[in-house]
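# Any chance you can model this:
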Amino acid sequence: MKQIGLFFALQLLAVAVSAQLQLTGIVKDEKGEPLTGANVVLINTFKGTSTGINGEFSFSNLRKGKYTVVVTF
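Numbers count the residues shown, from 1 in each chain. Here you go, the predicted structure:
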């Protein structure tokens, strides 16, 4: 009986991990140059970051859905 419970627990863990997504992007100015140090926030979440040297940003462990991204510089 313990083996069956462990099997189902592992199956649920696999589903939870596969439901997490990643959002990545690059922030550029009007000339197409990357913006280093821009603030990137996902509205209605507690997630925020700053862009790297090449204007890149990344959010991980997101649930499937729609997000509003706000960038300030």
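# Walking through the chain, point out its strands one by one.
Taking DSSP state E to define them, one finds strands in the chain at 20-26, 39-42, 48-50, 56-63, 69-72.
# residue ranges with poor pLDDT in the chain?
Low-confidence segments of the chain, defined by pLDDT under 70, span residues 1-19.
# contacting residues for the spatially most central residue of it?
Taking CA atoms, centre = their mean, the centroid of the chain lies closest to residue 59, which sits 2.4 Å from it. Applying CB atoms under 8 Å, 6 or more residues apart in numbering, we find residue 59 in contact with 22-24, 42, 47, 49. For every residue, glycine as well, the C-beta is placed using N, CA and C.
# same question, residue 51
Counting by CB under 8 Å, 6+ apart, residue 51 touches 26-27, 34-38, 40, 57.
# From those, pick the one nearest residue 68.
Among those, residue 40 lies closest to residue 68 (CB to CB), at 11.4 Å.
# Next, the distance between the ends of stretch 26-43.
Distance between the two ends of stretch 26-43: 18 Å, counting by CA to CA, to the nearest Å.
# So what's the gap between it and the chain middle?
The chain centre lies 16 Å from the centre of stretch 26-43; the measure is CA atoms, centre = their mean, to the nearest Å.
# Can you mark which positions in that stretch are buried?
27, 35, 38, 40-42 (16 or more other CB atoms under 10 Å).
# right, and the pair among the residues you listed with maximum separation?
Largest separation among these by CB to CB: 35 and 42, giving 17.6 Å.
# If the spatially closest residue to residue 47 that is not a sequence neighbour is in a bridge, with which residues?
Leaving aside its sequence neighbours, residue 47 sits nearest to residue 59 (CB to CB, 6 or more residues apart in numbering; 5.5 Å). In this entry, residue 59 is beta-bridged to residue 23, by DSSP bridges.
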